[in-house]
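>>> Pasting the sequence and the predicted coordinates here, then a few questions.
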Amino acid sequence: MTNLARASDRFSARNLELMKLIRAAYGIPMAAEDSRITGGPSWLRSEKYDVDAKIDGSMVDELKTLSQDQRTLAQQQMLQALLRDRCKLAIRRETKDLAIYTLVSTKSGPKLQDANPGETSSLSYGGGGATRSITGQARSIANFAQALSVALGCPVVDKTGLTSKYDFKLEWTPDDNQEQSSLTGAPNDRPPSPPDSIAPSIFEAIQEQLGLKLVSGKGPVDTFVIDHAERPSAN
């Protein structure tokens, strides 16, 4: 079982494929379609490693002064440096037109609750059985779009124009057919809810619960090509 954790002064992972670590370092959701990152030796996707990286104390203090989004970017840059050092990772960015979803507001407007000043920021995935959920506290809609990318396995681009921090909870019933279409690069606009479900499909739930909407199409997406990687050096 994979276990990946970020703390204020360290990054640790257990039993993790290095490809997942590369995804984390470059902001590619774990569930994103494979076309967003290509190349590299096959062992990147099969061999598993334990990672335990400690952050320098002065850097920890600096991270505490940053916003959540700035802190995430800084942590990604540190992971990138770790991969270059230990795995001699050479990776390049390319922009390609891929199947995407665009997140926009509905005509009636968003149904979002403004976060309270000083509220702790958090984002979590939940649900078991027939229902799934995404719960955010003091998070941006850009953060929510990235969470939807994980849930759908397809890039989601925020075009709502909303810039505040919000509290929200989305609950839906997953549809295997919809998820499969996303992974093959053919997203649907709004499939119906699965029969006898206790919650609507993710497309309906976003509109009904949050006043937002997903629109399918194609658009420019950052992709990455791995030119070189070596098995990590020992400590």
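The structure has been received and is ready for your questions. Residues are numbered from 1 along each chain as shown.
>>> When you work out contacts or count neighbours from here on, use the C-alpha atoms and nothing else.
OK.
>>> Find the nearest non-adjacent residue to L112, please.
L210 (6.0 Å; CA to CA, 6 or more residues apart in numbering).
>>> Relative to V221, how far out is the one you found?
For L210, the distance to V221 (CA to CA, to the nearest Å) stands at 25 Å.
>>> show me where this protein has helices.
Assigned by DSSP state H, the chain shows helices spanning 18-25, 57-64, 68-87, 141-152, 176-183, 202-210.
>>> now the fourth one, how far from the chain's geometric center?
Which is helix 141-152. From the chain centre to the centre of helix 141-152 is a distance of 6 Å (CA atoms, centre = their mean, to the nearest Å).
>>> Repeat that for the last one.
With CA atoms, centre = their mean as the basis, helix 202-210 stands 19 Å off its chain's centre.
>>> Show me what it is packed up against.
Helix 202-210 sits against strand 166-172, strand 212-228, with contacts defined as 3 or more CA pairs under 8 Å, 6 or more residues apart in numbering; DSSP states H and E.
>>> Same check on the third one?
For helix 68-87, the packing partners by 3+ CA pairs under 8 Å, 6+ apart come out as helix 18-25, helix 57-64.
>>> For that helix, what does the pLDDT average out to?
The average pLDDT for helix 68-87 rounds to 87.
>>> Now do the buried residues in it.
Q68, R71, A74, Q75, Q76, M78, L79, Q80, L82, L83, R84, C87 (16 or more other CA atoms under 10 Å).
>>> Report the contact partners of the fifth one.
By CA atoms under 8 Å, 6 or more residues apart in numbering, the contact set of Q76 is A24, A25, Y26, G27.
>>> For the residues you listed, which single residue is the most surrounded?
A25 (21 neighbours; other CA atoms under 10 Å).
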